[in-house]
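Trainee: Build me a structure from this.
(one chain, ligands or ions: 2)
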Amino acid sequence: MRLAELKGVGKARLEALERAGLERAEQLLWRLPESYTDYDDRCEVASLASGRRCAFLARIKSVSTARVRGATRVVAKVFDQTGEVACVWFQQPYRARQLEVGAVQLFCGLVTRYRGVAEVVSPRVLPADTHGIEPVYAPIRDIPPKTYAGLVRQVLDAGLPLEDDLPAAIRQRFSLLPQAQALRSIHFPESREALERAMRAFSFRDLLFFALAVRRKRLGPGMGFAMKANLAVVQPFLDSLPYALTGAQERVLRQALSDMESDAPMARLVEGDVGCGKTVIALALLYCAFENGFQGALMAPTEVLAHQHAEEARKLLGPLGVRVALLTGSLRAAQKRETLRAIEAGEADLIVGTHALIMGGVQYRRLGLVVTDEQHRFGVRQRLALEHKGQAPHVLVMSATPIPRTMALVLYGEMDVSVVDELPPGRKPVATRIVPERKREGLYGFLRATVEAGQQIYVVCPLVEESEAVDAASAERTARDLASALPGAKVELLHGRMKGAEKEAILDRFAAGETQVLVSTTVIEVGVNVPNATVMVVEDAERFGLAQLHQLRGRVGRGEKASWCFLMADRPTARLRALTETNDGFVIAKKDLELRGPGELLGTRQSGMADERTLALFSDVSLLPEIQALADEVYAAPEEPAHAALLEAARRAMAARGLEVARN
Ligand code: ADP
Ligand code: MG
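Mentor: Numbers count the residues shown, from 1 in each chain. Ligands and ions are numbered 1, 2, ... in the order given. Coordinates of the predicted model:
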């Protein structure tokens, strides 16, 4: 079904949907909600907790409109018998007319904190008698949520043949709802119970297909490129480094080199805490591929990181003759054409980039090694697609997040695992403190001293809401506060709405020490390396996951100087305390997994691909052992008709979602 066949989809909306990567109406069904709002699960105003999406009934006490630097802000004070809270809308002046003082409404939105005071940003305002469970979808710019839900409803009601690709025998054996029914409940749940049953069916199907699709038999001898790979080959590179490798780095490097000596393609996952020095291992291996006459690719999850890797590669490998090309989505057309040409002509030896590396049109000359960094940030789809670009290149994936074995199998298929379990010498643990709002002035004093000592500061603001505009506005507020609290310091703001080049310029200025304070939404989370930055302040820290906070903290403590991480939060929760107690990312990741489930680890939320987000919500880790056992069963006898049917179904389902599945 074409998108344009949906009622209400004209030219503008069609474009908006296409920008979000949607091509056909069916895809709306597979774009599952990110979360749900349960209107019957109501909070009291006094108990509104930061970081949660809450529905609460309240009476409107006052409504005011303010204009701050050209931006309109509507603030409604609302209350119930337990307390009062401010609801804030940015750039929606019409709100002021809609809100009637004295009326009781159901408000529903994400609670955040600004300078320690709870406020609800852009809540929805509904009649007091609203009930039921409503899905929340990842927003699509220019398509209001209500409109979007209406489109989904239309597709469901169009009665498209939703053939059940999970064989009936499997459904019965594991008591799973039929597909069509599950999908309907996922999008329009009638009750909690109905939703949970549907989610279970969904998780099961999704994870099973995924497991079947991703699980390749290890490619055997003769299928890959045997290289001359040993420490001697990479010695010129190692000699050029300003430091010696740690024991752990050298061990992992040797393991990977010996993989590359074999003509069975390497499939290795390197796990190691933030800052343990994974990049240099990757560069050594890429240098080895170069020495053997192969191209190498290094894929990073963000432009900022790709940029930084490219710079590092040019600095360290350029003098050794390696020609490094950078390929990202934000290249200008002419630049991009030239880069693609150079790659195809074999005039680029190492190609560093974002997932632009795997887009159509990239023709590698002789791709011998593929490294993906911060692996957990990528959708599996991107990773497989890159692997398929070469004959059977060696594959190395790097991650700062340790992944439990069962999940790794489902996600990556058979892989060898190396762990870099040692930090470079001289690293001081980052002292981590929880700072309540009332101590903010004291913190600013500390920041002033930091700036006077010539050191630099990161301040990270959480993503506030679906809307980048709101994020930007709230980060801007923080930047202004800081600029006035730190006279003489240059404060710059970096947020998601900025263009690639603008972001890079800001990061370059920070790296060069021209800026003392970098206020940012979470884009600096991955990989940025500025050794002179010694303080990390995380606003509204409860809003972040533990592993994420640990990653953020890893941005400081990269030089010799003592470093600090301040977590702004009024309550020292168990989660935040865990961070003050250990600097060991593996301990923290385990804790995070216990506390939050696998969605974050599956790393699908940030990948920005509509169909992959879905896994985040619908992966129930408790199903994994069952699924893995079933996948074993299937692969033990793939020719058995039931198994063959299942494999075919998995292939089709994955292909429908753009995931190419290697035939084993
Ligand atoms: P991560 O594993 O988090 O990706 P990086 O590769 O970014 O870590 O390395 C962090 C920092 O440590 C970089 O500045 C890098 O130059 C430095 N580094 C890496 N290995 C060593 C080493 N053996 N000795 C000293 N510094 C090192
Ligand atoms: Mg890294």
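Trainee: Could you list the low-pLDDT ranges of the stretch 501-650 of the chain?
Mentor: Across the stretch 501-650 of the chain, the ranges flagged by pLDDT under 70 are 522-528, 592-621.
Trainee: please redo it, this time with the cut-off set to 80
Mentor: In the predicted model, the stretch 501-650 of the chain carries pLDDT under 80 at residues 501, 522-529, 543-548, 559, 571-575, 586, 589-625, 628.
Trainee: Report the closest residue of it relative to ligand 1.
Mentor: Asn529 (4.9 Å; C-beta to the nearest ligand atom). In this view, the C-beta of every residue, glycine as well, is placed from N, C-alpha and C.
Trainee: next one: the stretch 401-550 of the chain
Mentor: Pro424 (3.3 Å).
Trainee: Run through the residues that contact the residue of the stretch 501-650 of the chain closest to ligand 1.
Mentor: Contacts were defined as C-beta atoms under 8 Å, 6 or more residues apart in numbering; by that measure Asn529 touches 308, 555, 558.
Trainee: For the residue lying closest to the last one once chain neighbours are set aside, grab phi and psi.
Mentor: The spatially closest residue to Arg558, leaving aside those adjacent along the chain, is Pro531, at 4.5 Å (C-beta to C-beta, 6 or more residues apart in numbering). Dihedral angles phi and psi of Pro531 (degrees, to the nearest 10) take the values phi -60, psi -30.
Trainee: just to revisit the earlier point, isn't the residue of the stretch 401-550 of the chain closest to ligand 1 right up against Lys278?
Mentor: No - contact criterion C-beta atoms under 8 Å: Pro424 and Lys278 do not qualify, at 11.4 Å.
Trainee: Out of these two, name the residue with the larger neighbour count.
Mentor: Between Pro424 and Lys278, counted using other C-beta atoms under 10 Å, Lys278 has the larger neighbour count: 24 against 16.
Trainee: Give me the phi and psi angles of the more buried one.
Mentor: phi -80, psi -30.
Trainee: Return the distance of it relative to Gly353.
Mentor: As judged by C-beta to C-beta, to the nearest Å, Lys278 and Gly353 stand 18 Å apart.
Trainee: Check which residues of the lengthiest helix in the chain are buried.
Mentor: Taking DSSP state H as the criterion, the chain has its longest helix at helix 192-214. Using 16 or more other C-beta atoms under 10 Å as the burial criterion, the residues of helix 192-214 that qualify are 194-195, 197-214.
Trainee: Glu344 touches Gly361, doesn't it?
Mentor: No - Glu344 is beyond contact range of Gly361, at 9.5 Å (criterion: C-beta under 8 Å).
Trainee: who's more crowded, those two?
Mentor: Shown here are Glu344 and Gly361; by other C-beta under 10 Å, Glu344 has more neighbours (14 against 10).
Trainee: Give me the pLDDT for that one.
Mentor: Note on Glu344: pLDDT of 94.
Trainee: again with the one 5 residues further on
Mentor: Among the per-residue scores, Asp349 shows a pLDDT of 97.
Trainee: okay, now it: neighbour count?
Mentor: So Asp349, with other C-beta under 10 Å, has 25 neighbours.
Trainee: show me the contacts for it.
Mentor: Counting by C-beta under 8 Å, 6+ apart, Asp349 touches 290, 295-296, 322-324.
Trainee: That one and ligand 1: what is the separation?
Mentor: Counting by C-beta to the nearest ligand atom, to the nearest Å, the gap from Asp349 to ligand 1 is 20 Å.
Trainee: Would you check how far apart that residue and Gly329 are?
Mentor: 22 Å.
Trainee: Just the element for Leu316, please.
Mentor: Element membership for Leu316 (DSSP states H and E) is helix 303-317.
Trainee: Show residues contacting that helix.
Mentor: 237, 240-241, 279-280, 283, 286-287, 290, 298-300, 322, 324-326, 328-330, 350, 352-354, 373-374, 500, 503-504, 507, 523-524, 526-529.
Trainee: let's see it at 7 Å
Mentor: Under the contact criterion C-beta atoms under 7 Å, 6 or more residues apart in numbering, helix 303-317 has outside partners 240, 279, 283, 287, 298, 300, 324, 326, 328, 330, 350, 352-354, 373, 500, 503-504, 507, 523, 526-529.
Trainee: how about the helices in the stretch 101-250 of the chain?
Mentor: Ranges of helices in the stretch 101-250 of the chain, per DSSP state H, counting those that start in this stretch, are 145-157, 168-173, 179-187, 192-214, 231-240, 247-261.
Trainee: now the stretch 501-650 of the chain
Mentor: According to DSSP H, counting those that start in this stretch, the helices that the stretch 501-650 of the chain contains are 546-553, 574-581, 585-596, 599-602, 610-618, 624-636, 641-656.
Trainee: could you dump those helices to TSV with distance to ligand 1?
Mentor: Converted to TSV, the helices of the stretch 501-650 of the chain look like this (distance: least, C-beta to the nearest ligand atom, whole Å):
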stretch	distance to ligand 1
helix 546-553	9
helix 574-581	17
helix 585-596	9
helix 599-602	17
helix 610-618	23
helix 624-636	27
helix 641-656	30
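Trainee: how about TSV for the ones you listed, with mean neighbour count and distance to Asp540 added?
Mentor: What follows is the helices of the stretch 501-650 of the chain, written out as TSV (neighbours: other C-beta atoms under 10 Å; distance: least, C-beta to C-beta, whole Å):
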stretch	mean neighbour count	distance to Asp540
helix 546-553	25	11
helix 574-581	16	11
helix 585-596	18	17
helix 599-602	22	18
helix 610-618	22	21
helix 624-636	16	32
helix 641-656	17	38
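Trainee: I'd like the ones you listed as a markdown table, with distance to Met536 appended.
Mentor: Below are the helices of the stretch 501-650 of the chain laid out as a markdown table (distance: least, C-beta to C-beta, whole Å):
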| stretch | distance to Met536 |
| --- | --- |
| helix 546-553 | 6 |
| helix 574-581 | 11 |
| helix 585-596 | 15 |
| helix 599-602 | 20 |
| helix 610-618 | 26 |
| helix 624-636 | 34 |
| helix 641-656 | 39 |
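Trainee: right, so of those helices, which gets closest to Gly21?
Mentor: Ranking these by proximity to Gly21 (C-beta to C-beta) places helix 610-618 first, at 5.3 Å.
Trainee: how about the residues of the chain that lie near ligand 1?
Mentor: By C-beta under 6 Å from any ligand atom, the part of the chain that sits against ligand 1 consists of 243, 245-246, 249, 272, 274-280, 400, 424, 529, 558.
Trainee: Just the closest of those to Ala644, please.
Mentor: Taking these together and measuring to Ala644 by C-beta to C-beta, the closest member is Ala400, at 38.9 Å.
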